[in-house]
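Engineer: any chance you can model this:
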Amino acid sequence: MIAEIVATGTEIILGEIADTNSQTLGKLFAKYGIEHHRRTTVDDDLDAIVEAIRSALERADLVVTIGGLGPTYDDLTIDAVSEVLGEVPIVDPVLMRRLHIRMARMKRSWNPLLERMARRPASSSPIANPEGSAVGLITEFNGKTVVNLPGPKNEFAAVLLNFEKRWLSKHSDGVLATKTMRIVGIPESVVELKVKDLLDSKNPTIAPYVKLMEVHLRIAARAKSEVEAMHLIEPMAEAIRERFGKNLFSESDEDLAEVVVKLLITKNKTLATAESCTGGMLGQRITSIPGSSEAYIGGYITYTNELKAREVSVARYDLAKYGAVSEPVARQMAEGAARVAQADFGIGITGIAGPGGATKDKPVGRVYIAVSGPRGTEVREETFSGDRETVRFRSTQVALQMLREELLATD
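Structural biologist: Residues are numbered from 1 along each chain as shown. Presented below is the predicted three-dimensional model:
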């Protein structure tokens, strides 16, 4: 089966919102082994939507539209699908009654525009929407299937789940299983050279994806069942484990912060942080992980020299002699954070995130990152490229990578 997505919405075209719904749907197609090679996004224009659906139906067996099912006059999906089918939209009395009941339950007055959400092509049938007013629709004709899903994220998810149970799971003759191997500390070019001989494999396949400060290797296999597909994936996964060793930090959706927090908890170790240029970003990444309070004692945002000296005991002499962005200061920030908080490990980050603040000897992107622990203190000097937020994120990523290395070497 071949599927295509047609997402509607001028706000998507203008870049005002990101189309994460298509991403979710693409993953679901992969789960059921459905081929998916094309997505189309069009603005809220009837002719454009009609053309996109017609064009998709020429190539695909299943066309799924996202958005345009609401009550306003720029919600045009029902009109577009009806035109493609050569039908006139009808007002479904069951859907109309559902809308009246919903408005009454929510204690809202009736708006005549709401009737638009009771319309459907005559040959379509509704897909329940427990989260909102606009139901999804499914239409089968000439051996093809058109499915219409709402755009709001919570409603999209609810209707998609019902579509999956009602139709998708019954029309799939196989699955596409995937495993993502996440690698840190090795450049993309080196990673690709290490797996060059695996790239020609047809089933499973392997594809490198570059992320910020990481490289992901996605292994995918098609089979009749997920068990069979994972059986095909495992030999390639084992080859990657052997080639990348400790640089392979995850084989799931866990990001580096989650992996590090779990390591801290498993090893019964605690952490404190002192941040300057990252302004609490490292602490935010750590505390976004459920259960991080078991290991993370807390952090100090020491943006000024005064706070570096007062909160984490950085020597004022060294601040004056070497400057805030320096190896001695990063070292003392890490050691001071651990000592003051009585933690097993401390991290210190100080640098120039930009766009200003550079000096002759210290360019924008210069960052010193220190990790202090039972084996001593390591400091790395880095010069990162990118804008302010990228430099800050890269700094936290290296800090987490350094801490992970220390944890793996600590009993």
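
Engineer: which pLDDT does the model give Ser225?
Structural biologist: The per-residue pLDDT reported for Ser225 equals 87.

Engineer: that one and Leu232, how far apart?
Structural biologist: Counting by CB to CB, to the nearest Å, the gap from Ser225 to Leu232 is 11 Å. (Glycine included, C-beta is placed from N, CA and C.)

Engineer: so between these two, which is more surrounded?
Structural biologist: Leu232 (17 against 11; other CB atoms under 10 Å).

Engineer: wait, doesn't the more buried one sit right on Ala223?
Structural biologist: Yes - the pair Leu232 / Ala223 is scored as a contact, 6.2 Å apart, by CB atoms under 8 Å.

Engineer: average pLDDT for stretch 284-297?
Structural biologist: Mean predicted lDDT for stretch 284-297 stands at 98.

Engineer: show me which residues of that stretch are buried.
Structural biologist: 285-287, 289, 292, 295-297 (16 or more other CB atoms under 10 Å).

Engineer: now the end-to-end length of that stretch.
Structural biologist: End-to-end distance for stretch 284-297: 13 Å, by CA to CA, to the nearest Å.

Engineer: what's that stretch in contact with?
Structural biologist: In this structure, residues lying in contact with stretch 284-297 by CB atoms under 8 Å, 6 or more residues apart in numbering are 257-258, 260-261, 264-265, 269-273, 283, 341-343, 396, 400.

Engineer: please apply the same query to stretch 57-67.
Structural biologist: Here stretch 57-67 has contacts from 1-9, 12, 19, 21-22, 25, 34, 38, 49, 53, 56, 75, 77, 80-81, 84, 143-151, 156, using CB under 8 Å, 6+ apart.

Engineer: take these and keep only those in helices.
Structural biologist: Residues of the contacts of stretch 57-67 located in helices (DSSP state H): 12, 21-22, 25, 49, 53, 56, 77, 80-81, 84, 156.

Engineer: which single one of those residues is nearest to Val391?
Structural biologist: The shortest gap between Val391 and any of the ones in helices among the contacts of stretch 57-67 belongs to Ile12, at 29.7 Å (CB to CB).

Engineer: contacting residues for the closest one?
Structural biologist: Counting by CB under 8 Å, 6+ apart, Ile12 has contacts 18-19, 41, 67.

Engineer: and of those residues, the nearest to Leu248?
Structural biologist: Leu248 has its nearest neighbour among the contacts of Ile12 in Ala18, at 29.2 Å by CB to CB.

Engineer: check which residues of stretch 53-63 are buried.
Structural biologist: 53, 56-57, 60, 62-63.

Engineer: now do the SS call for the residue lying farthest from the centre of the chain.
Structural biologist: Farthest-out residue of the chain from its mean C-alpha position, per CA atoms, centre = their mean: Tyr317, at 44.2 Å. Three-state call for Tyr317 (DSSP: H, G, I helix; E, B strand; the rest coil): helix.
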